[in-house]
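A.B. asks: Need coordinates for the below:
(one chain, ligands or ions: 1)
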Amino acid sequence: MSAALLEVRGLSGVFRTRAGDTPVLHDVSFDLPAGGITAVVGETGSGKSLTALSILGLQPPGLVTGGSIRFDGRELMGLDEAGYRALRGSQIAMVFQDARSSLNPVLTVGRQLCDVARLHRGLSRRDAAALVEQTLARVAIPEPRRRMAQYPHEFSGGMAQRVMIVMALLCEPRLLLLDEPTTGLDVTTQADVMELIVALTQEAGLTTCLVTHDLGLVGEACDRVVVMRRGRVVEQADAATFFSDPATDYARTLLAANRDTVDQGTANQGTANQDTANQDTEPEGTA
Ligand SMILES: Nc1ncnc2c1ncn2[C@@H]1O[C@H](COP(=O)(O)OP(=O)(O)OP(=O)(O)O)[C@@H](O)[C@H]1O
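C.D. replies: Presented below is the predicted three-dimensional model:
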């Protein structure tokens, strides 16, 4: 892996309401090195999703962010809507949890994918359809032409997740953000989708950021790990170092809670024990 494609520095986030301010992101700093997969892990509510959304300027209403997010050396914080629109999809694509809800239920899957191919690549209808069929086949969707004529409700969760990954790939992004891409899928499908993400990252020379609370997935697939807790980054390391010699008590606690999953080296044996990780008595900070 080479220099960072994305640099987050001192990212802060505060929900501003009439009832007062609630800080949720505190001085978040990490890099996504170009090429390979970085996992951002942490228990529910640790700030992973808000960090990912902030990269694309998709913060929820009321969240006021500060700090710096540089993509390929270019500052993104403070971009106007037109600037973000130019960036989304074609430079940075995001795949959300629960793929089916990201698809329009009243349009066929093929139509939605072809619209993206035409918009982002300027293709004719016929060329877009050919590219979509080919890309669906690449992510192992059987009978892609027949599938293109179907509606989202006719797709299983795993297949819908593949469709969303196809949608992202059609834009030829440099950075792919995946927010809990396997949540809600059965364990075998989780493993298949992860395998696909690893293969596509390598084939397409993508930089991939995987937001997850599932340390089993991380061990299997990732090159680098960023650990968040309560809106802060508490540790970042290459995956081998993280798993063999974590630097913080918190990471050790998370790993211990997931030891079975991690040891088996599978992507499919369970998720972080959030109860354990949430205990207030648990050690905080660095060792
Ligand atoms: N729209 C919102 N309004 C108010 N608070 C919010 C909103 N979205 C998130 N939060 C709060 O911000 C904090 C960080 O949330 P975030 O969704 O980034 O966590 P996460 O690590 O992605 O967790 P999860 O895995 O559950 O999605 C949490 O305390 C959450 O309750």
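A.B. asks: low pLDDT regions in the chain?
C.D. replies: Along the chain, the model assigns pLDDT under 70 to residues 1-2, 259-287.
A.B. asks: Enumerate the residues of it near the ligand.
C.D. replies: Neighbours of the ligand within the chain, by Cβ under 6 Å from any ligand atom: 15, 24, 42, 44-50, 60, 213. Where C-beta positions appear, they are placed from N, C-alpha and C, glycine not excepted.
A.B. asks: Mind checking which of these are in strands?
C.D. replies: 15, 24 (DSSP state E).
A.B. asks: So what pairs up with the residue most central in space within the chain in the strands?
C.D. replies: By Cα atoms, centre = their mean, the chain has its centre lying nearest to Leu178, at 1.9 Å. Residues in a beta bridge with Leu178, per DSSP bridges, are Val95, Leu210.
A.B. asks: what sits against it?
C.D. replies: For Leu178, the residues meeting the contact criterion (Cβ atoms under 8 Å, 6 or more residues apart in numbering) are 94-95, 197, 208-211.
A.B. asks: returning to that earlier point: now, among the residues of the chain next to the ligand, which is nearest to Asp238?
C.D. replies: Ranked by distance to Asp238 (Cβ to Cβ), the residues of the chain next to the ligand are led by Gly42 at 17.7 Å.
A.B. asks: and the protein, what are its domains?
C.D. replies: Annotated domains of the chain cover 34-65+79-91+175-277, 103-172 [automatic domain parsing].
A.B. asks: Which stretches in this protein count as helices?
C.D. replies: Assigned by DSSP state H, the chain shows helices spanning 48-55, 81-87, 99-102, 109-121, 125-138, 144-148, 157-170, 187-204, 215-221, 239-244, 249-257, 259-264, 274-278.
A.B. asks: for the domains of the chain, which one ends up most surrounded?
C.D. replies: domain 34-65+79-91+175-277 (a mean of 19; mean count of other Cβ atoms under 10 Å).
A.B. asks: Pull the contacting residues for Ala117.
C.D. replies: 123, 127-128, 131-132, 170.
A.B. asks: thinking again about what came up before, export the domains of the chain to JSON lines and tack on distance to Leu11?
C.D. replies: Output for those, formatted as JSON lines (distance: least, Cβ to Cβ, whole Å):
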{"stretch": "domain 34-65+79-91+175-277", "distance to Leu11": "6"}
{"stretch": "domain 103-172", "distance to Leu11": "23"}
